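> I need the structure of the sequence given here:
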Amino acid sequence: MEIRYKKLREDAHAPYKKFDIDAGFDLTAVWKEETDKYTVYGTGLAFEIPAGYVGLMFPRSSVTNEDLMLKNAVGVVDATYRGEIMCRFIHAVHEMFENENDMDDLGDYYKDGKAINLKMLNRHMDEYEVGDRVCQMVFMELPKVNLIEAKELSDTERGTDGYGSSGK
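So this is what the prediction gives:
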């Protein structure tokens, strides 16, 4: 299978796989923009994903070395999208504390009804830089699905039991 991609910027890097049998293609950041809510990394790449396929954007395993989490957990790149692939991360602030009791010792500043932790403002957050591989795209074939409305669904042993019902 072939999937076409286009470099939207001269400094964009080709998608990268260390081993042919790896699931995802690593994408490299060529620009970075930070806001008070998130950090976005642009790859300078656009893809032509064929109809019947999807590109799924996952964080790389190296994200465990950073104070970052992919904001939408898994990005979905539809076959109709031709824009730049970007990854938006939020800071994983809960990792900053040894245990939950440490949070009690920190003073909060309230602005517009929202608590801002003052110690967090001065903490250096580990994050990716321009030139780092920041996310990976996995291409998957989509099954053709026809949804059928039903008045009743079949019974299962689990039934309607929800979150945590299958145990730990």
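
> which stretches of the chain form helices?
Along the chain, counting by DSSP state H, helices occupy 118-122.

> Below-threshold pLDDT in it: ranges please.
The model of the chain has pLDDT under 70 over residues 62-71, 91-126, 165-168.

> remind me, longest strand of it?
The single longest strand within the chain, with elements called by DSSP state E, is strand 133-141.

> Residues contacting that strand, please?
Residues outside strand 133-141 that contact it (Cβ atoms under 8 Å, 6 or more residues apart in numbering): 1, 3, 15-16, 23-29, 41, 43, 47, 49, 52-60, 62, 70, 75, 77, 85, 87, 89, 128. C-beta here means a position set from N, CA and C on the backbone, and glycine is covered the same way.

> among those residues, which ones are buried?
15, 24-29, 41, 43, 47, 49, 53-55, 57-60, 70, 75, 77, 85, 87, 89, 128 (16 or more other Cβ atoms under 10 Å).

> Quick check: chain neighbours aside, which residue is closest to residue 13?
Residue nearest to residue 13 in three dimensions, not counting chain neighbours: residue 28, with 3.9 Å by Cβ to Cβ, 6 or more residues apart in numbering.

> ok, now residue 72?
residue 88 (7.1 Å).

> Name whatever forms a beta bridge with the one you found.
residue 40 (DSSP bridges).

> any idea how far residue 135 is from it?
From residue 88 across to residue 135, the span is 10 Å (Cβ to Cβ, to the nearest Å).

> Mind checking which of those two has more residues around it?
Between residue 88 and residue 135, counting by other Cβ atoms under 10 Å, residue 135 is the more crowded of the two (25 against 17).

> Can you dump the C-alpha atoms of the longest strand of the chain in CSV for me?
Extracted as CSV, the C-alpha positions of strand 133-141 are listed here (Å, rounded to 0.1, in the frame of the first residue of the first chain):
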residue,chain,number,x,y,z
ARG,A,133,9.9,13.1,17.1
VAL,A,134,6.7,14.0,18.9
CYS,A,135,4.0,11.6,17.8
GLN,A,136,3.3,8.6,15.6
MET,A,137,0.7,7.9,13.0
VAL,A,138,-0.7,4.4,12.5
PHE,A,139,-2.7,3.8,9.3
MET,A,140,-5.7,1.4,9.6
GLU,A,141,-8.2,0.0,7.2
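
> Pull the distance from it to the chain's centre.
Put simply, strand 133-141 sits 10 Å off its chain's centre (Cα atoms, centre = their mean, to the nearest Å).
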